[in-house]
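Peer 1: how does the following fold in three dimensions:
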Amino acid sequence: MKTEDMIRAVQRKLGVLVDGRAGPQTWGAIHRYVVQPAARPRIAFTAPGDRASARSERAIGTLLPDVRPYARALYFKARSLGITVEIISGLRSYQEQDRLYAQGRSTPGTKVTGARGGHSTHNFGIAFDVGIFSGNRYLPDSPAYQAVGALGIDLGLEWGGNWKTLVDRSHFQLRPEWALDLSERQMLAELRRRIRMDEPVF
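Peer 2: Just a heads-up that it's a prediction; the model follows:
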């Protein structure tokens, strides 16, 4: 068997792009499959009474209870370093996701997502987006996103800034422990199944 054929077979098994080249996505999937996933780090959550801004709390309130402490922890950790961050998006319905997917395709605007309804972690309450602000001015592009990304990773979150396609530096998600060795596509399929069967995500 040729090397490229072997790589394609591995890629099919791991549920990543099948192109016969062992790039970062393939090696990352191999690492997750072979290496025992590390336990999620224990983080210093905020005190029970601590609340983010009203805007952030509205988005945080849409997330699953397991995810909310991570969103708040990221909010306060960034602000403790002088970065004005807000949680600007949380749970989305399938219909809301489809409307976003249509933007730049069948409706006016620029493309903001490559995921249809049911194919985004936002649809399951385990993902949120942040925005960086200078006063009241939203900064869509700022070096501070890189810093906040590092803070989120340190908390045990996955950061969209590390994605290889459609990099999303505002996006964070909390992967359930049962999905630590799954590809993104496999995790989303299982999330859809769990929702259909009314089974818990965490």
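
Peer 1: just give me the neighbour total for the nearest residue to residue 98 once chain neighbours are set aside.
Peer 2: Setting aside the residues directly before and after it, residue 98 is nearest to residue 117 in space (Cβ to Cβ, 6 or more residues apart in numbering), at 4.4 Å. Placement of C-beta: from N, CA and C, glycine included. Per other Cβ atoms under 10 Å, the neighbour tally for residue 117 reads 17.

Peer 1: which SSE is residue 117 in?
Peer 2: For residue 117, there is no enclosing helix or strand under DSSP states H and E.

Peer 1: next up, the contacts around it.
Peer 2: Under the criterion of Cβ atoms under 8 Å, 6 or more residues apart in numbering, the neighbours of residue 117 are 93, 94, 95, 96, 97, 98, 101, 123.

Peer 1: for the fourth one, which non-adjacent residue is closest in space?
Peer 2: Residue nearest to residue 96 in three dimensions, not counting chain neighbours: residue 117, with 7.8 Å by Cβ to Cβ, 6+ apart.

Peer 1: and the pLDDT at the one you found?
Peer 2: pLDDT recorded at residue 117 is 94.

Peer 1: surely residue 12 touches residue 20?
Peer 2: No: between residue 12 and residue 20 there is no contact under Cβ atoms under 8 Å: 10.8 Å.

Peer 1: out of these two, which sits in the more crowded spot?
Peer 2: Using other Cβ under 10 Å as the criterion, residue 12 and residue 20 rank with residue 20 on top: 16 against 10.

Peer 1: could you pull out the strands for this protein?
Peer 2: Here the chain has its strands, by DSSP state E, at 85-89, 127-134, 137-139, 158-159, 171-173.

Peer 1: got the angle for the first one vs strand 127-134?
Peer 2: Yep, that's strand 85-89 we're talking about. 140 degrees (axes from the mean of the first three to the mean of the last three Cα atoms, to 10 degrees).

Peer 1: going forward can the numbers begin at 2, since that is how I track them
Peer 2: I'll keep to 2 as the first residue from here, and by that count the last item is strand 86-90.

Peer 1: so which residue is smack in the middle of the chain?
Peer 2: By Cα atoms, centre = their mean, the chain has its centre lying nearest to residue 174, at 3.2 Å.

Peer 1: please tell me how far that one sits from residue 51.
Peer 2: 22 Å (Cβ to Cβ, to the nearest Å).

Peer 1: so how far is residue 96 from the closest residue in space to residue 176 that isn't next to it in sequence?
Peer 2: With sequence-adjacent residues excluded and distances taken as Cβ to Cβ, 6+ apart, residue 176 is closest to residue 159, at 5.7 Å. Residue 159 is 25 Å from residue 96, where distance means Cβ to Cβ.
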